[in-house]
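kindly return the folded structure for what I paste below:
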Amino acid sequence: MRFLAVIAITLVALLSRPSKQRSDLVVQFVTASGVSPPEAAALTAALRATMAELAHARRRDNVATAMATVIALSFAEPIEDRQHAYDTLMLSAAVVAILHDAGAQATSQALARHVVQQLARA
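Take a look at the predicted model:
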């Protein structure tokens, strides 16, 4: 369990300080996690294989696809009513877009964060 906590903390730290240069985030992530060399090698191999598998099945280097993949994988159970889920997400996106376009960026960002938090609880 401690290993997973270290991994989660390391990932949050990496995501909070994006770099202007394209770098190997897998190496940075594994290095920052502080795992032993044998664990680092296994973790690197597992991460690269999983990333390649996910990218192969979806649009590679597409941020929206990556976000959708993370959201889809975060659901503990499959979505039973896909149409309702789609309609709810699109309605949320429309409200966020209207607020943003109306100059209410702070409100639109707060609503967007709330939607993401609700997705995490689903």
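
find the centremost residue of this structure, please.
Nearest residue to the geometric centre of the chain (Cα atoms, centre = their mean): Val70, 4.4 Å.

now the helices: where do they sit in the protein?
2-16, 25-33, 37-57, 63-74, 82-101, 105-121 (DSSP state H).

make CSV from the ones you listed and add mean pLDDT to it.
Output for these, formatted as CSV (pLDDT from 0 to 100):
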stretch, mean pLDDT
helix 2-16, 56
helix 25-33, 85
helix 37-57, 87
helix 63-74, 75
helix 82-101, 82
helix 105-121, 80
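
from the ones you listed, which stretch is densest packed?
Ranked by mean neighbour count, these are led by helix 25-33 with a mean of 16 (mean count of other Cβ atoms under 10 Å). Every residue, glycine included, has its C-beta placed from N, CA and C.

now that helix against helix 37-57, angle please.
150 degrees (axes from the mean of the first three to the mean of the last three Cα atoms, to 10 degrees).

who does helix 25-33 touch, helix- and strand-wise?
On a contact count with 3 or more Cβ pairs under 8 Å, 6 or more residues apart in numbering; DSSP states H and E, helix 25-33 meets helix 2-16, helix 37-57.

tell me the contacts of Leu43?
30, 33, 35 (Cβ atoms under 8 Å, 6 or more residues apart in numbering).

please parse this protein into its domains.
Domain ranges of the chain: 2-74, 82-121, per automatic domain parsing.

how far off centre is the shortest one?
I take that to be domain 82-121. Distance, stretch centre to chain centre, for domain 82-121: 17 Å (Cα atoms, centre = their mean, to the nearest Å).

I'd like the numbering to begin with 83 instead of 1 from here.
In the new numbering, first residue 83, that becomes domain 164-203.

show me what contacts Leu193?
Here Leu193 is in contact with 174, 177-178, 181 (Cβ under 8 Å, 6+ apart).

repeat that with 6 Å
When contacts are counted by Cβ atoms under 6 Å, 6 or more residues apart in numbering, Leu193 touches Val178.
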